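*Asks:* Attaching a predicted model along with its sequence, questions to come.
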Amino acid sequence: DNGIEGIILAKNHKPDLIICDIVMRETDGYTVFEILLKDAHIQNIPFIFSTANSENTDREKAKKMGCRGYLVKPFDGQELLDCVNSILIQHK
């Protein structure tokens, strides 16, 4: 729930995949993604936005930035798994 903490965690742990909300404390998900894209060690980690923002403009903004997935809350477990599987298959 804190964008700055998310950035620090991503840089320290270099996860295989990042799922990030757009609305958070300290900074928003778009800023988190922009900062991570500038770091050569983690810029290629697949990134999924998880958000209550269902507007097409939000989805288009995320896509233009290079985000690989966009899940609108509430979503179910199968939708999450399908999104993650699709992204990881493309990322190989």
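*Replies:* Perfect, thanks for sending it.
*Asks:* just checking, what's the longest helix in the chain?
*Replies:* Looking across the chain with DSSP state H, the single longest helix is helix 77-91.
*Asks:* what's that helix packed up against?
*Replies:* strand 47-51, strand 69-72 (3 or more C-beta pairs under 8 Å, 6 or more residues apart in numbering; DSSP states H and E). The way it works is simple: take the backbone N, C-alpha and C, and place the C-beta from them, glycine included.
*Asks:* Among those strands, which comes closest to Asn85?
*Replies:* The closest of the helices and strands packed on helix 77-91 to Asn85 is strand 69-72. By C-beta to C-beta, the value is 10.5 Å.
*Asks:* List the buried residues for that closest one?
*Replies:* By 16 or more other C-beta atoms under 10 Å, the buried positions in strand 69-72 come out as Gly69, Tyr70, Leu71.
*Asks:* List the strands paired with that strand, with their directions.
*Replies:* Applying DSSP bridges, strand 69-72 is found paired with strand 47-51 (parallel).
*Asks:* Give the rounded mean pLDDT of the strand it pairs with.
*Replies:* Strand 47-51 shows an average pLDDT of 94 in the prediction.
*Asks:* Let the chain start at 12 from now.
*Replies:* That works, and once the first residue is 12, the last one we named lands at strand 58-62.
*Asks:* And that strand, how far out from the chain middle?
*Replies:* Relative to its parent chain, strand 58-62 has a centroid offset of 4 Å by C-alpha atoms, centre = their mean, to the nearest Å.
*Asks:* Okay, now the unreliable bits of this protein?
*Replies:* 103 (pLDDT under 70).
*Asks:* and if we set it to 90?
*Replies:* 12, 64-70, 79, 98-103 (pLDDT under 90).
*Asks:* Quickly name whichever of the buried residues of strand 80-83 is closest to Phe60.
*Replies:* Using C-beta to C-beta, the buried residues of strand 80-83 come closest to Phe60 at Tyr81, 5.0 Å.
*Asks:* check contacts around Phe60.
*Replies:* Contacts of Phe60 were listed using C-beta atoms under 8 Å, 6 or more residues apart in numbering, and they are Ile30, Cys31, Asp32, Ile33, Gly40, Phe44, Ala73, Cys78, Gly80, Tyr81, Leu82.
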